[in-house]
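give me a model of this one.
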Amino acid sequence: MGATEHGPEGAPGLGRGMLLLMSVATGLSVAGNYFAQPLLDVIGRDLGLSASTAALVVTVAQVGYGLGLLLLVPLGDLVDRRRLAVGLCAATAVFLTVTASAPNGTLLLVGTALTGLASVAAQVVVPYAATLAPPAERGRTVGTVMTGLLLGILLARTAAGLLADLGGWRTVYWVNAVLMLLMALALRLRLPVLPTPAGRGYPALIGSTLRLFADEPVLRWRAALGALSFAPFSVLWTALVFLLSGPSYGWSEAEIGLLGLVGAAGSLAASAAGRLADRGLVQHVSGIGALLLLGSWGLLALAGSGGPWPLVALLAGVIVLDLAVQAVHISNQNLVYAVRPEARNRLNSAYMTSYFVGGAVGSALTSVVWGAAGWGGVCALGAALSAAGLAVWTAERLRHRAVAPPHHSPSAPATGGTSATAAAPAGNETRGDSR
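Below is the predicted model:
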């Protein structure tokens, strides 16, 4: 795609260089929320925190991110989106330095929460890319940018483990702060200026974001499914550090971090899911993803005792779970973005807030379940949440079939709502709903 092409809203086109920049920006933005996961044990020892208190670092990061999604991302429909993305990247750098220099648990949690709040720059960039892309390539574009975001989440663990071995747990936060300042400069120089809708104040903007849940059935169903898919993801990655650093495995921080490389294989599903969405197979992808997510816990349940075969089961379970979560997530985003193209930031805010609320609940429950029932209890929790997500997907499909007209057109949306058809242009804008 050339740099002179234009997207559906008259925006400048999205060339490969810009797509790469956006992908890297999303990955670096969210990475700071996940550095602590393989380091919980060493952070706890350094700052004198209990295991349950150390696990709160993950929960606080997700709560901060959720608040940013609700309160800051909708601003992309009100103010200059380039300025918003650049400002949030710069703020993320500042807050990372607070975490890096924290002398106690209180300042660590404050720095983590503020970093999570500002790191929603990633969720300003994703709808930015969706707006720049032609409708026929929107699924692929969103999938590619989300691949960068997901790699940032997963490889953050690897970077944290390796840098902690080299210079202590604080090193990775200092390094990411510098990289985020550089990214703010790059986005300021490269991002095009997009038209900004006018005529709405901030209170009305937030109110309209919340009203989308009442107005759009597609958003309600997909927000629920997203929350119930990201919750098991958080359950796994919060509990893994306790399992792998414990007596069954006895891994170091660097070894635990390297597991992120295995999980990164699942991120390949993001790009593939986007391409399948462009072909109208989004419902198939989300359903298969929900089923695989439930099945992954059968493999993970075999991993609690240590040894070669449990390790194989663990690695396979991590790959399947991450692949499944990304397939569901990208499918959800393609459906949600088609509802109201003029309100993508608010739709993204509403959906992603629900998504990360699910993640925060998952990590909070894990810290309790681990102490009470160990790895077996964690796997039961993950399987229960995954089964609930599969039930939501099934209920949505059954509801659609119950309300669909007798001569349902193949090009009509298959989500049970009508707003996606009404709001989106004809053609590929609604193809994500077609099956």
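
list the contacts for Asn345?
For Asn345, the contacting residues are 73-77, 81, 124, 127, by Cβ atoms under 8 Å, 6 or more residues apart in numbering. Bear in mind the C-beta positions are built from the backbone N, C-alpha and C, glycine included.

in strands, which of these appear?
In strands, defined here by DSSP state E, there are no members of the contacts of Asn345.

now, which of these sits nearest Thr238?
Proximity of the contacts of Asn345 to Thr238 was ranked by Cβ to Cβ; the top entry is Val73 with 24.2 Å.

average model confidence for the strand or helix carrying Ala93?
Ala93 is part of helix 81-100, with elements assigned from DSSP states H and E. Regarding helix 81-100, the rounded mean pLDDT is 95.

gap between it and the chain center?
18 Å (Cα atoms, centre = their mean, to the nearest Å).

for that helix, packing partners?
helix 16-31, helix 105-118, helix 121-132, helix 171-190 (3 or more Cβ pairs under 8 Å, 6 or more residues apart in numbering; DSSP states H and E).

in the longest one, what's buried?
Residues 171-177, 179-181, 183-184, 187 are the ones in helix 171-190 that count as buried (16 or more other Cβ atoms under 10 Å).

distance to Ser363 and pLDDT for those residues - can I get that in a markdown table?
Formatted as a markdown table, the buried residues of helix 171-190 follow (distance: Cβ to Cβ, whole Å; pLDDT from 0 to 100):
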| residue | distance to Ser363 | pLDDT |
| --- | --- | --- |
| Thr171 | 24 | 95 |
| Val172 | 19 | 94 |
| Tyr173 | 19 | 95 |
| Trp174 | 25 | 96 |
| Val175 | 24 | 96 |
| Asn176 | 20 | 96 |
| Ala177 | 24 | 96 |
| Leu179 | 25 | 97 |
| Met180 | 23 | 97 |
| Leu181 | 28 | 97 |
| Met183 | 26 | 95 |
| Ala184 | 28 | 96 |
| Leu187 | 29 | 94 |
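
can you name the two of those residues that are farthest apart?
Across these (Cβ to Cβ), the longest gap, 24.8 Å, separates Thr171 and Leu187.

list the buried ones in stretch 122-136?
For stretch 122-136, a neighbour-count test (16+ other Cβ under 10 Å) marks 122-133, 135 as buried.

now do the helix or strand harbouring Thr147: distance to the chain's middle.
Under the criterion of DSSP H and E, Thr147 resides in helix 138-167. Distance of helix 138-167 from the chain centroid (Cα atoms, centre = their mean) equals 11 Å.

next, the angle from that helix to helix 171-190.
On the basis of axes from the mean of the first three to the mean of the last three Cα atoms, to 10 degrees, helix 138-167 is oriented at 140 degrees to helix 171-190.

buried stuff in helix 138-167?
138-165.

and that helix, what does it pack onto?
helix 16-31, helix 121-132, helix 171-190, helix 253-264, helix 268-278, helix 308-337.

now Ser119, what are its backbone angles?
phi -70, psi 0 (degrees, to the nearest 10).

contacts only, for it.
29-30, 32-33, 65, 68, 88, 92.

so which bits of stretch 337-346 are buried?
337-341, 343-346.

dump the helices and strands packed on helix 81-100 into a markdown table; add distance to Ala391 as well.
Putting the helices and strands packed on helix 81-100 into a markdown table (distance: least, Cβ to Cβ, whole Å) gives the following:
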| stretch | distance to Ala391 |
| --- | --- |
| helix 16-31 | 28 |
| helix 105-118 | 29 |
| helix 121-132 | 27 |
| helix 171-190 | 38 |
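
shaky segments in the chain?
1-13, 196-200, 263, 265-271, 273-274, 277, 306-307, 403-435 (pLDDT under 70).

just give me the longest helix of it.
As assigned by DSSP state H, the longest helix anywhere in the chain is helix 344-403.

now Val325: closest residue in space that isn't a chain neighbour?
Spatial nearest neighbour of Val325, chain neighbours left out: Phe233 (4.8 Å); criterion: Cβ to Cβ, 6 or more residues apart in numbering.

actually, Gly44.
Nearest non-adjacent residue to Gly44, counting by Cβ to Cβ, 6+ apart: Ala54, 3.8 Å away.

count of residues packed around that neighbour?
23 (other Cβ atoms under 10 Å).

gap between it and Ser245?
Ala54 is 11 Å from Ser245, where distance means Cβ to Cβ, to the nearest Å.

any common contacting residues for those two?
Common neighbours of Ala54 and Ser245 (Cβ under 8 Å, 6+ apart) are Asp41.

is Val339 in contact with Val218, as I believe?
Yes. Using Cβ atoms under 8 Å, Val339 makes contact with Val218 at a distance of 5.4 Å.

ok, back up a step: out of the helices and strands packed on helix 138-167, nearest to Val98?
Shortest distance between Val98 and the helices and strands packed on helix 138-167, using Cβ to Cβ, is found for helix 171-190: 8.9 Å.

so which elements touch that closest one?
So helix 171-190, by 3+ Cβ pairs under 8 Å, 6+ apart, packs with helix 16-31, helix 81-100, helix 138-167.

restricting to C-alpha, output the following helix or strand past the first one in CSV.
If I follow you right, that is helix 16-31. Next along the chain after helix 16-31, taking DSSP H and E as the criterion, comes helix 40-47. Extracted in CSV, the C-alpha atoms of helix 40-47 (Å, rounded to 0.1, in the frame of the first residue of the first chain):
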residue,chain,number,x,y,z
LEU,A,40,7.2,-10.8,41.3
ASP,A,41,9.4,-13.0,43.4
VAL,A,42,12.5,-10.8,43.2
ILE,A,43,10.6,-7.6,43.6
GLY,A,44,8.9,-8.9,46.6
ARG,A,45,12.2,-9.9,48.2
ASP,A,46,13.8,-6.6,47.4
LEU,A,47,10.9,-4.4,48.8
